[in-house]
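Enquirer: Below are the sequence and a predicted model for it; my questions follow.
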Amino acid sequence: MTTLYQGYPGYFISFEGIDGAGKSTHIEAFCQLMKERHPARDIVITREPGGTVLGEQLRGMVLNTPMNLETEALLMFAGRREHIAQVIEPALKAGKVVVSDRFTDASFAYQGGGRGLSLDKLNQLESWVQSRPNGSLLQPNLTILFDLPGEIAQARRSKARMPDKFEQMDLQFFEKVRQEYLRRAKADPQRFHLVDAARTPEVIWSDLQSLEIDI
Ligand code: TMP
């Protein structure tokens, strides 16, 4: 545990993708695999919106209540601030591996790409909420992006449970969300690992197994 990532002894992984891309199917198995491969490391699995008592309460509100776009973004980032303070930073400081089902890329993709909030405002919120004392921004070391055309994701979603507010959005919304995720992945290829989520779960799983993570 001598390597420092962004100044922390821990390591931070996020899973991202449009609703229906299948990330949640793989996240637990992925954490299990990490435990087997790195028995000396504690793995913390968490999610956004959520991850803390307050965050889970906010999740219930933002996923189910129609609201002004800026209110929605502020609540996402309020929950994130709490999540960072209570869960993510303490775990990273203690040398743990944090695996989060979504983080800030989702705000850029959904509130920015999907709903049209300006990137400038999102950048301001990000720098407010994720700034560290050394002036850097807290970011995942690795982001696994499940990429899938909106139509396939929609067909998969319709087989799932009762849709929340976002899951009810139309195809055009999800295409915009997807394009924003892809734009961010292209802008930061060192951090992103792109998974072609149109393939079968078995093939996706073997892709994840072959991912070499240097922690
Ligand atoms: P989940 O169903 O994958 O847990 O995600 C919950 C929903 O919240 C999903 O539709 C994406 C949305 N979301 C945002 O719109 N902005 C955010 O910042 C986050 C973290 C999630």
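Expert: In hand now; what should we look at?
Enquirer: Near residue 69, how many other residues are there?
Expert: 14 (other C-beta atoms under 10 Å). C-betas here are computed from N, CA, C, even on glycine.
Enquirer: start the count at 283, not 1, going forward
Expert: I'll keep to 283 as the first residue from here, and by that count the last item is residue 351.
Enquirer: Quick one: residues contacting it.
Expert: 393, 397, 398, 399 (C-beta atoms under 8 Å, 6 or more residues apart in numbering).
Enquirer: Around the ligand, pick out the residues from this protein.
Expert: 301, 329-331, 345, 358, 383-384, 388-389, 392-393, 448 (C-beta under 6 Å from any ligand atom).
Enquirer: so which of these comes closest to residue 488?
Expert: For those, the minimum distance to residue 488 (C-beta to C-beta) is 20.9 Å, reached by residue 383.
Enquirer: from what I can see the closest one touches residue 331, true?
Expert: No. With contact defined as C-beta atoms under 8 Å, residue 383 does not count as touching residue 331 (10.1 Å).
Enquirer: Switch the contacts of residue 351 over to a markdown table; also include secondary structure, neighbour count and distance to residue 338.
Expert: As requested, the contacts of residue 351 are arranged in a markdown table below (DSSP: H, G, I helix; E, B strand; the rest coil; neighbours: other C-beta atoms under 10 Å; distance: C-beta to C-beta, whole Å):
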| residue | secondary structure | neighbour count | distance to residue 338 |
| --- | --- | --- | --- |
| 393 | helix | 25 | 19 |
| 397 | coil | 17 | 22 |
| 398 | coil | 9 | 27 |
| 399 | coil | 19 | 23 |
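Enquirer: on that earlier part again, just the ones of the residues of the chain next to the ligand in helices?
Expert: Within the residues of the chain next to the ligand, residues falling in helices by DSSP state H are 345, 358, 388.
Enquirer: Skip the chain neighbours and tell me the closest residue to the first one.
Expert: Spelled out, that is residue 345. In this structure, residue 345 finds its nearest non-sequential neighbour in residue 446, 4.2 Å apart by C-beta to C-beta, 6 or more residues apart in numbering.
Enquirer: That neighbour and residue 343, how far apart?
Expert: Note on residue 446: its distance to residue 343, by C-beta to C-beta, to the nearest Å, is 11 Å.
Enquirer: Great, nothing more from me.
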